[in-house]
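Trainee: I'd like to go over a predicted model; first the sequence, then the structure.
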Amino acid sequence: MVPTAYYILLSAALFAIGVLGVLVRRNAIVIFMSVELMLNAANLALVAFARERLSVDGQVLVFFVITVAAAEVAVGLAILVALSRSKQTSDVDEVSVLRG
């Protein structure tokens with residue numbers, strides 16, 4: 001049996017990679033993928049803690065997080081496609097609505 005600490009370390013590493021992806025990259029699709037990586041890291045931690053406590057509550061919460069993440073991706077990609085068609089780029093700095 002794999003200790004829970006290993007799952008938490010993997011979750012923390014995945015979350016850190018996701019944060020770096022959000023902070024460093026300028027491409028909107030890569031930023032969306034990094035946010036999804038952070039959500040999946042949190043899901044991994046929830047499942048690991050639920051397994052340790054022998055409870056199903058964490059797994060039920062993961063189901064709802066995955067559902068919300070799928071809706072977020074659908075809406076976010078629709079907005080990205082609409083903006084990139086008008087601006088002809090997916091660079092976050094160039095598509096920024098605040099800059100006009």
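Mentor: Structure's in. What do you need?

Trainee: got any ranges where this structure has weak pLDDT?
Mentor: 88-100 (pLDDT under 70).

Trainee: which residue is nearest the middle of it?
Mentor: Closest to where the C-alpha atoms of the chain average out (Cα atoms, centre = their mean) is residue 36, at 1.9 Å.

Trainee: which of the helices or strands spans that residue?
Mentor: In the assignment (DSSP states H and E), residue 36 maps to helix 28-53.

Trainee: name the helices or strands packed onto the very next helix or strand once past that helix?
Mentor: Toward the C-terminal end, the helix or strand that comes next after helix 28-53 (DSSP H and E) is helix 57-87. Secondary-structure packing of helix 57-87 (3 or more Cβ pairs under 8 Å, 6 or more residues apart in numbering; DSSP states H and E): helix 28-53, helix 92-95. (Glycine included, C-beta is placed from N, CA and C.)

Trainee: try 6 Å this time
Mentor: helix 28-53 (3 or more Cβ pairs under 6 Å, 6 or more residues apart in numbering; DSSP states H and E).
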